[in-house]
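> Give the three-dimensional model of this entry:
(one chain, ligands or ions: 2)
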Amino acid sequence: MSSDPFMRTYAPRRQSYSQGAARPAAGSRPAANTTAASDLLAPYVVKEEPYYHPVADEVELYEAAYSVRMPMMLKGPTGCGKTRFVEYMAWRLGKPLITVACNEDMTASDLVGRYLLDASGTRWQDGPLAVAARHGAICYLDEVVEARQDTTVVIHPLTDARRVLPLEKKGELIEAHPDFQIVISYNPGYQSLMKDLKQSTKQRFGALDFNYPEHDIEAEIVAHESGVDIETAKNLVHIGERARNLKGHGLDEGLSTRMLIYAGSLIAKGVPPLAACRVALVRPITDDPDMRDALDSAVTTYF
Ligand SMILES: Nc1ncnc2c1ncn2[C@@H]1O[C@H](COP(=O)(O)OP(=O)(O)O)[C@@H](O)[C@H]1O
Ligand SMILES: [Mg+2]
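Ligands and ions are numbered 1, 2, ... in the order given. Okay, the predicted model is just below:
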């Protein structure tokens, strides 16, 4: 099959996870915390506690899911805290986190690895999924539906009881390290029939729903992240809530927490609130003049 991702040839790429790492012999299962593995995973250790404000019982549920190494799916609109949550959980669990931002040009080899040409011939380079599975990290595939379905199926053998990753080109079967876990995120709002996860993929995951936090929590997050005072943050959240009510009535997506933080950051830098909201909230999400007017008037209600 010409579209078989394993049949392609690849240009060599340098990737940070390959740097200076001694690899265990093919087929061997690395012991936890070998020097080689901890050196290799060092760049992925979350050293400082990421700021994360829990919104419900997601922290406890995720801990329970990790304790049985259940593959997890984080669902929710863009900019509502999914990525921050995974970073926080990796820190809390003390596990390295390897994040892959998925896109439609991504191939199975970008995840599992490929042979590279160098001065001394060819050498195998593990992809991020193989590094995580071999050495024991949490592998986070961000916005997984952006990847083509023939790419996503490579995660299947890692998400059932076998917990293995076949490296077909190399002729090796990696048995996942006991610490390994796979996490994916996606935004159900964006899905079209062509761009959705296969049922056979979905059913391999436990799922946590994410949404914009409720008013007071979101204001606290916006104040913390942007540096504005809590009153200003509350006003921004009010504007966000107004805009979210317009979703489906001319707006495809509501204003995200991330956008409110952007607006707050500009205000904290001295930009007048009206201008800050126009730049960070209104202009990015719509080109429709009526919708812009409606949002601008929501802004002037609060600033
Ligand atoms: N519960 C939360 N606690 C702390 N920060 C949050 C929370 N939710 C959202 N944020 C903030 O919003 C920003 C966007 O969240 P992010 O995790 O990147 O969204 P997503 O991955 O869902 O698109 C983060 O950088 C963070 O500043
Ligand atoms: Mg994200």
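
> Could you check how many residues crowd around the residue of the stretch 51-200 of the chain found nearest ligand 1?
Per CB to the nearest ligand atom, Gly81 is where the stretch 51-200 of the chain lies closest to ligand 1, at 2.5 Å. No exception for glycine: its C-beta is placed from N, CA and C like everyone else's. Neighbourhood size, Gly81 [other CB atoms under 10 Å]: 24.

> Could I get the contacting residues of it?
Tyr52, Val55, Phe210, Pro213, Ile221, Thr257 (CB atoms under 8 Å, 6 or more residues apart in numbering).

> tell me the two of those that are most distant?
Phe210 and Ile221 (12.9 Å; CB to CB).

> Looking at these two now, which is surrounded by more residues?
Between Phe210 and Ile221, counting by other CB under 10 Å, Ile221 is the more crowded of the two (24 against 19).

> for the more buried one, helix, strand, or coil?
Following DSSP: H, G, I helix; E, B strand; the rest coil, the label given to Ile221 is helix.

> What segments of the stretch 201-303 of the chain are strands?
Using DSSP state E, counting those that start in this stretch, the strands of the stretch 201-303 of the chain run over 206-209.

> where do the helices sit along it?
Residue ranges of the helices in the stretch 201-303 of the chain, as given by DSSP state H, counting those that start in this stretch, are 215-226, 230-245, 257-268, 273-277, 283-285, 289-302.

> wait, does the longest one contact ligand 1?
No. Under the criterion of CB under 6 Å from any ligand atom, helix 230-245 makes no contact with ligand 1; the nearest approach is 11.6 Å.

> and the angle for that helix with helix 215-226?
With axes from the mean of the first three to the mean of the last three CA atoms, to 10 degrees applied, the angle from helix 230-245 to helix 215-226 works out at 120 degrees.

> what's helix 230-245 in contact with?
By CB under 8 Å, 6+ apart, the residues outside helix 230-245 that reach it are 212, 215, 218-220, 222-223, 226, 228, 251, 254-257, 259-260, 263-264, 267, 273, 277, 281, 285, 295, 298-299, 301-303.

> repeat that with 6 Å
Contact with helix 230-245 is made by 215, 218-219, 222-223, 254-255, 260, 263-264, 295, 298-299, 302, as judged by CB atoms under 6 Å, 6 or more residues apart in numbering.

> Of those, grab the buried ones for ChimeraX.
The ChimeraX command for the buried members of these (criterion: 16 or more other CB atoms under 10 Å) is given here:
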select :218,219,222,223,254,255,260,263,264,295,298,299
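
> Closest to Ala108 out of the contacts of helix 230-245?
Gly254 (34.3 Å).

> From ligand 1, how far out is the residue lying closest to Ser226 once chain neighbours are set aside?
Nearest residue to Ser226 in three dimensions, chain neighbours excluded: Gly264, at 2.8 Å (CB to CB, 6 or more residues apart in numbering). Gly264 is 10 Å from ligand 1, where distance means CB to the nearest ligand atom, to the nearest Å.

> Quick check, Gly264 in contact with Gly227.
No. Assessed by CB atoms under 6 Å, Gly264 is found out of contact with Gly227, at 7.0 Å.

> Tell me which residues of the helix or strand hosting Arg114 come out buried.
Element membership for Arg114, per DSSP states H and E: strand 113-118. In terms of neighbour count (16+ other CB under 10 Å), strand 113-118 has its buried residues at Gly113, Arg114, Leu116.

> Ok, stretch 56-70 next?
Under 16+ other CB under 10 Å, the buried positions of stretch 56-70 are Glu58, Tyr62, Ala65, Tyr66, Arg69, Met70.
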